[in-house]
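Q: What follows is a predicted structure for the sequence shown.
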Amino acid sequence: MSKSGFGSYGSMSAQGGASGGSDQPSEGSVALVTKSPRLGARIQEIIPCCVNQLLTSTLVDNVFKIRGVVVSQVSIVGIIRRAERARNSILYKIDDMTSKPIEARHLLGRVKAKHTTPLPVGVYAKAFGFLKYSMGAKSLEVLKIRVLEDMNEFTVHILETVNAHMMLDKAHQETAGESVPSAPSQMDDVGDSHESCLRLIRKKVLRLIHECPQQEGKSIQELQTQLSSLNIKAIKEAINYLTIEGHIYSTVDQEHFRATD
């Protein structure tokens, strides 16, 4: 088992023929399996996603799709905003700041739920499970959830999400008989995924600057320490963007910033 406990999602493959995967989540690379060109692409293993992708997915004939691709098992990474024990489960709200938090239910059974301590609120956690729709809202049925051991896992998850959906777009269009180089929607989707990652980084930087109580504001060095999963280039690019947009301003020098509101 890998350090993260969820395996690697870096490589993906497209195969012909019927699926031979099991119903249980498997560790290792993400596999894309297609039964026939008519049925389109179908996900057989864990696909890394952001919360916004899950909440904006389409539901057709009890099947969830993200940009035309059927999604089964998914993984997300985010902050636990709420954690409470229910009768036979533990209820979480997980927020990755790409949209509103998603409700996540970890079914354990009455006895196990009674003796299981929920993960603490405010920590970063990684969860995988199945997307569900009930009472007019989408939620995640959690199969496994744990606290991140290393914040680098958060950055890796973002990169894996972008890479995975680029590959899915390509496989879906090839299955549909489209010419990948001439499909503008693929480039649009890749751009959307990249922009989602940038928005997430900017939100994290802005939140930390906004929450800083010091008169001189938040320093770049402090941001780098708290956002250890990001490199200094990404942090400075976020600061430049937020400054240009008027969300933050420099104070005692060009290394300290405060929020405008």
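A: Noted; the coordinates are in hand.
Q: helix, strand or coil for residue 254?
A: Look at residue 254: counting by DSSP: H, G, I helix; E, B strand; the rest coil, its state is coil.
Q: Quick check: the gap between it and residue 223.
A: The spacing between residue 254 and residue 223, counted by CB to CB, to the nearest Å, is 13 Å. Just so you know, the C-beta spots here come from the backbone N, C-alpha and C atoms, and that holds for glycine as well.
Q: residue contacts, the spatially most central residue of the chain?
A: Residue closest to the average C-alpha location in the chain (CA atoms, centre = their mean): residue 50, at 2.7 Å. Listed by CB atoms under 8 Å, 6 or more residues apart in numbering, the contact set of residue 50 reads 76, 96, 98, 99, 158, 161, 196, 200.
Q: Residue 147 versus that one, what's the distance?
A: For residue 50 relative to residue 147 (CB to CB), the value is 19 Å.
Q: Please apply the same query to residue 81.
A: 14 Å.
Q: what's the longest strand along the chain packed up against?
A: The longest strand of the chain (DSSP state E) is strand 73-85. If contacts are counted by 3 or more CB pairs under 8 Å, 6 or more residues apart in numbering; DSSP states H and E, strand 73-85 sits against strand 47-48, helix 51-55, strand 89-95, strand 124-134, strand 137-147, helix 152-175.
Q: Quickly list the domain ranges of this structure.
A: 12-182, 194-259 (automatic domain parsing).
Q: how about those in JSON lines, adding mean pLDDT?
A: Supplementary listing: the domains of the chain in JSON lines, determined by pLDDT from 0 to 100:
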{"stretch": "domain 12-182", "mean pLDDT": "76"}
{"stretch": "domain 194-259", "mean pLDDT": "85"}
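Q: hang on, the earlier thing: just the buried subset of the contacts of residue 50, please.
A: 76, 96, 98, 158, 161, 196, 200 (16 or more other CB atoms under 10 Å).
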